[in-house]
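Enquirer: What follows is a predicted protein model with its sequence.
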Amino acid sequence: DVDTVARLGGDEFALLLPRTDANGAILAARKILLDLGRPLVVEGHQAFIGASVGIACFPDHGANPDALLQRADVAMYVAKSGGLGCAVYAAVRDGDAHHQLARVTDIRDGIHRNEFFLDYQPVVNLQSGETMYVESLARWNHPREGRLMPDRFIELAERTWLIEPLTMILLERALADWQDRSAPGDAIAIALNLSPKSLRDPDFPTRVATALDVHGAS
């Protein structure tokens with residue numbers, strides 16, 4: 001009755017256990033994994049789902065909610081990549097995990113500082129020479145590393161809740177860019193790559209429809 005379960009977005013959830021330690025959190029995680037491992041019957045067919053759980057403890061692994069959530073993310077990567085089911089951040093010692101944690105923080109800060117932008121690649125009909133549409137390509141104007149390509153941040157953003165705000169920011173940027181560039185009456189189709197995480201979010205279509213409506217696009 002004192003624990004809290006919250007959906008962060010997509011298929012990610014957070015559990016806040018205020019009256020336990022790492023051992024208690026591991027026990028809770030194993031119970032959850034056991035329940036999730038039971039088959040679901042859907043229209044007469046058995047379906048199986050799995051999960052990976054990352055654990056971070058206050059104050060050992062972070063003094064504020066953002067730090068704890070980021071460290072739980074890192075532990076979750078370790079659990080997922082190692083097939084462990086669950087992992088505690090204290091067990092994460094490799095430099096790559098710490099590098100990922102730092103990059104997650106950078107991405108979050110970059111979203112707040114509006115550092116992400118789009119390049120546009122025209123897709124042309126070679127017979128007619130007509131531009132059929134433009135493809136939006138994500139870029140990051142990193143304050144220390146300069147211009148970064150998607151392979152430096154998209155995969156990590158997809159593994160965290162950051163892909164959702166990043167997707168909406170880039171969608172808004174694409175709509176604003178072409179609203180500014182287009183003459184009255186002109187129309188251009190824009191392609192924007194989406195994460196499967198966004199497509200699994202039931203609220204995503206509504207947010208897209210709202211953005212299109214604000215910019216007068218369809």
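Expert: Right, received. Where do you want to start? Numbering: from 1, shown residues only.
Enquirer: which parts of the longest strand belonging to the chain are buried?
Expert: Counting residues, the longest strand found in the chain (DSSP state E) is strand 131-142. For strand 131-142, burial by neighbour count (16 or more other C-beta atoms under 10 Å) applies to 134, 136-140, 142. No exception for glycine: its C-beta is placed from N, CA and C like everyone else's.
Enquirer: Not counting that strand itself, show me its contacts.
Expert: With contact meaning C-beta atoms under 8 Å, 6 or more residues apart in numbering, strand 131-142 is reached by 106, 110, 115-125, 147-150, 152-154, 166, 170, 174, 178, 188-193.
Enquirer: These in helices, which ones?
Expert: 106, 110, 154, 166, 170, 174, 178 (DSSP state H).
Enquirer: about what we covered before: identify, from the buried residues of strand 131-142, the entry nearest to D213.
Expert: S136 (19.1 Å; C-beta to C-beta).
Enquirer: And that closest one, how far from L162?
Expert: According to C-beta to C-beta, to the nearest Å, S136 stands 18 Å off from L162.
Enquirer: And E130, by the same measure?
Expert: Counting by C-beta to C-beta - E130 and L162 are separated by 37 Å.
Enquirer: Can you pick out the residue with more neighbours from those two?
Expert: Set side by side, E130 and L162 show more neighbours around L162, with 20 against 9, by other C-beta atoms under 10 Å.
Enquirer: nearest spatial neighbour of the more buried one, skipping sequence neighbours?
Expert: Nearest residue to L162, sequence neighbours excluded (C-beta to C-beta, 6 or more residues apart in numbering): I107, at 5.2 Å.
Enquirer: quick one: the helices in this protein?
Expert: With helices called from DSSP H, the chain shows them at 22-36, 65-82, 95-112, 154-158, 163-181, 196-199, 204-214.
Enquirer: so which of those helices gets nearest D11?
Expert: Nearest to D11 among the helices of the chain is helix 196-199; the distance by C-beta to C-beta comes to 6.9 Å.
Enquirer: Which neighbouring elements make contact with that closest one?
Expert: Contacts defined by 3 or more C-beta pairs under 8 Å, 6 or more residues apart in numbering; DSSP states H and E place helix 196-199 against helix 163-181.
Enquirer: will you turn the ones in helices among the contacts of strand 131-142 into CSV that also has pLDDT and distance to D21?
Expert: Listed next are the ones in helices among the contacts of strand 131-142 as CSV, based on pLDDT from 0 to 100; distance: C-beta to C-beta, whole Å:
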residue, pLDDT, distance to D21
D106, 88, 31
G110, 93, 34
I154, 91, 36
L166, 93, 34
L170, 94, 40
A174, 92, 46
W178, 82, 53
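Enquirer: now, which of these sits nearest L68?
Expert: Nearest member of the ones in helices among the contacts of strand 131-142 to L68, counting by C-beta to C-beta, is D106, at 17.9 Å.
Enquirer: excluding its backbone neighbours, what's nearest that closest one?
Expert: Nearest one to D106, counting by C-beta to C-beta, 6+ apart, is H142 at 7.2 Å.
Enquirer: thinking again about what came up before, relative to helix 163-181, how tilted is the longest strand of the chain?
Expert: Our comparison of strand 131-142 with helix 163-181, counting by axes from the mean of the first three to the mean of the last three C-alpha atoms, to 10 degrees, yields an angle of 120 degrees.
Enquirer: Distance check, the residue sitting nearest the centre point of the chain against S198.
Expert: For the chain, the residue nearest the mean C-alpha position is I163 (2.7 Å; C-alpha atoms, centre = their mean). Between I163 and S198 the distance is 7 Å, computed by C-beta to C-beta.
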